[in-house]
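S.K.: any chance you can model this:
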Amino acid sequence: MKNLLFVCSRNRRRSPTAEQLFAGRDDCEVASAGLASDAEEILSSEDIDWADIIFVMEKKQRAKLSQRFSAHLKNKRVVCLDIPDDYEYMQPELVDLLRAKVARYL
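M.R.: Next up is the predicted model:
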């Protein structure tokens, strides 16, 4: 079983969509969190320690993640999905993008 963590800035649209989308699978546990101080669920070092694969939505989020949590990222796989903040929660186009981009890691 893989632990998947989806990270974006405010954890309101993209990452929660990913969490919802993959939560029903039998082969993984899923969580989402944000890097901003006003995120719905703020990313913690415990989240990172729990995760087998960390997915960020944009390159700038990977940079912030590395700056804040570098000690916890050793031996962690961080994947940038390159999904811009152009979508609403559970928007069909976002769902399609997430399915296509995450599938190869499952």
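
S.K.: tell me how far stretch 17-31 lies from the chain's centre.
M.R.: 11 Å (C-alpha atoms, centre = their mean, to the nearest Å).

S.K.: start to end distance for stretch 17-37?
M.R.: This stretch, stretch 17-37, spans 20 Å end to end (C-alpha to C-alpha, to the nearest Å).

S.K.: give me the buried positions along it.
M.R.: Within stretch 17-37, the residues that count as buried by 16 or more other C-beta atoms under 10 Å are 17-22, 28, 30-35. Just so you know, the C-beta spots here come from the backbone N, C-alpha and C atoms, and that holds for glycine as well.

S.K.: for those residues, work out which two are farthest apart.
M.R.: The span of the buried residues of stretch 17-37, defined through C-beta to C-beta, is set by C28 and L35 at 21.9 Å.

S.K.: apart from its neighbours in sequence, what residue is nearest E41?
M.R.: A33 (4.7 Å; C-beta to C-beta, 6 or more residues apart in numbering).

S.K.: was I right about that neighbour contacting R10?
M.R.: No - checked against C-beta atoms under 8 Å, the pair A33 and R10 is beyond contact range at 10.2 Å.

S.K.: okay, and the common contacts of the two?
M.R.: Common contacts of A33 and R10 (C-beta atoms under 8 Å, 6 or more residues apart in numbering): A39.

S.K.: sorry, back to before: for the residue nearest to E41, phi and psi?
M.R.: Main-chain torsions, A33, degrees, to the nearest 10: phi -160, psi 170.

S.K.: quickly list what it is bridged to.
M.R.: When bridges are called by DSSP bridges, A33 pairs up with V7.

S.K.: list the contacts of it.
M.R.: A33 makes contact with 5-7, 11, 15, 39, 41-44, 47 under the criterion C-beta under 8 Å, 6+ apart.
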